[in-house]
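[1] Predicted model follows, preceded by the sequence.
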Amino acid sequence: MNNRRVPRTLAAASAALLTLGAAACSDSQADADPQRVDVVAAFYPLQFLTQQIGGDTVTVSNLVKPGAEPHDIELSPSQVGDVAGAELIVYLKGFQPQVDDAVQQNSADRAFDVATVEPLLDATGDNHDHDHGHEGEAGHEGEAGHEGEGEAGHEGEAGTTDPHLWLDPTRLATVGDQLADRLAQADPEHADGYTARAKDLRTKLEQLDAEFTAGLKTCQRREIVVSHTAFGYLTTRYQLEQIGITGLSPEHEPSPQRLAEVIEEAKEHQATTIFFETLVSPKVAETIAAQVGAETAVLDPLEGLSADNGGDYFSVMRTNLANLQKALGCS
């Protein structure tokens, strides 16, 4: 359990970072529990999944601090060392470029890419969405969908696929099944435990899925206005439509033209709520809400936890459901 492979050497341009990272890795290894599998998770949903399936036979660290935006994480030397020294890295290729680089240079043979488990959805607006790729956002303008190619952003073509697969509980359950197999490879002695916990998690996720299906079955409206189009998996699963103020990246600012279009669409669909996110400023949503006589509320893409969405995956998802039911007039 405490045997670790020697990481491959970085290119000369990254030698200084690797040296610092290796030192941090040594410190991390010295503190590691040799009776547990040392796992690094790239961001919160993958940390949650690993903890649920690993139980007390794993030690899981999250590369993203609570309240931080995970897309553009900049790894410190110590975090590079954590990636290099981990027995398993759970990540989603294309979602966090620096994590991709650290995995490729240090630990590709010990990495589990969740994007390979199921095809990622196209993020160009073909999955019941009303975002039309405005502002020339990367990956939207003039590109065909790449559903099934299994990489969020396709290494530099950010936005081509939607990484937020955890918003569909059934997809997350499938990833959990595969993660249990991967943990069993790293730790055969506890394989039965991983399998049993993955089965238990699947049962809970299927119950959550049933709650969403029943709770959103009969609603006055089926269109949601969101700050950015992170909800393709949720809207596809539960037959809703998302109207995105911006595209897949929350960092882009909408043009005045796009704001006017969203206001008109919100009025057309008689939207009572404009959704924003815990890790994104609500100002644009508030501006649109004021124009259409609506209120604002949180719809959380669950990329991370913060003081505003404390709890865990299940509690945040159930809060999302309650907010959707209120906004859509569900009975």
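    Yes, it's here.

[2] and the chain, what are its domains?
    Following automatic domain parsing, the chain resolves into domains at 12-116+164-201, 216-328.

[3] Which one of those lies nearest to residue 123?
    Closest to residue 123 of the domains of the chain, according to Cβ to Cβ: domain 216-328, at 4.8 Å. Any C-beta I mention is one placed from the backbone N, CA and C, and that applies to glycine too.

[4] and the closest one, how far from the chain's centre?
    16 Å (Cα atoms, centre = their mean, to the nearest Å).

[5] Quickly list what residue 113 is bridged to.
    When bridges are called by DSSP bridges, residue 113 pairs up with residue 91.

[6] what's the burial count for it?
    The number of residues packed near residue 113 is 19, by other Cβ atoms under 10 Å.

[7] if we can go back for a sec, generate JSON lines for the domains of the chain, with distance to residue 209 and mean pLDDT as supplementary columns.
    Output for the domains of the chain, formatted as JSON lines (distance: least, Cβ to Cβ, whole Å; pLDDT from 0 to 100):
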{"stretch": "domain 12-116+164-201", "distance to residue 209": "4", "mean pLDDT": "88"}
{"stretch": "domain 216-328", "distance to residue 209": "8", "mean pLDDT": "92"}
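
[8] export these to JSON lines and tack on distance to residue 210?
    Putting the domains of the chain into JSON lines (distance: least, Cβ to Cβ, whole Å) gives the following:
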{"stretch": "domain 12-116+164-201", "distance to residue 210": "9"}
{"stretch": "domain 216-328", "distance to residue 210": "11"}
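
[9] List of residues touching the strand or helix carrying residue 327?
    Following DSSP states H and E, one finds residue 327 within helix 313-328. Contacts to helix 313-328, defined as Cβ atoms under 8 Å, 6 or more residues apart in numbering, come from residues 44-45, 48, 166-167, 169, 204, 208, 211-212, 215-216, 219-222, 224, 234, 240, 271-273, 275, 297-300, 302, 305, 309, 311, 330.

[10] Would you mark the buried spots in it?
    313, 316, 317, 319, 320, 321, 323, 324, 327, 328 (16 or more other Cβ atoms under 10 Å).

[11] Of the residues you listed, which is the nearest to residue 59?
    For those, the nearest to residue 59 is residue 313 (19.2 Å; Cβ to Cβ).

[12] ok so, going back, can you say which of the contacts of helix 313-328 are buried?
    44-45, 48, 166-167, 169, 208, 212, 215-216, 219, 221, 224, 234, 240, 271-273, 275, 297-300, 302, 305, 309, 330.

[13] ok, back up a step: can you say which of the domains of the chain is nearest to residue 122?
    Per Cβ to Cβ, nearest to residue 122 of the domains of the chain: domain 216-328, 8.1 Å.

[14] so who does the nearest residue to residue 226 once chain neighbours are set aside touch?
    Of all residues beyond its chain neighbours, the one nearest residue 226 is residue 275 (4.7 Å), with distances taken as Cβ to Cβ, 6 or more residues apart in numbering. Neighbour list for residue 275: 224, 225, 226, 227, 285, 296, 297, 298, 299, 323, 327 [criterion: Cβ under 8 Å, 6+ apart].

[15] Could you export these to CSV, including columns for distance to residue 260 and secondary structure?
    Converted to CSV, these look like this (distance: Cβ to Cβ, whole Å; DSSP: H, G, I helix; E, B strand; the rest coil):
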residue, distance to residue 260, secondary structure
224, 19, strand
225, 14, strand
226, 17, strand
227, 16, strand
285, 15, helix
296, 19, strand
297, 22, strand
298, 24, strand
299, 22, coil
323, 26, helix
327, 22, helix
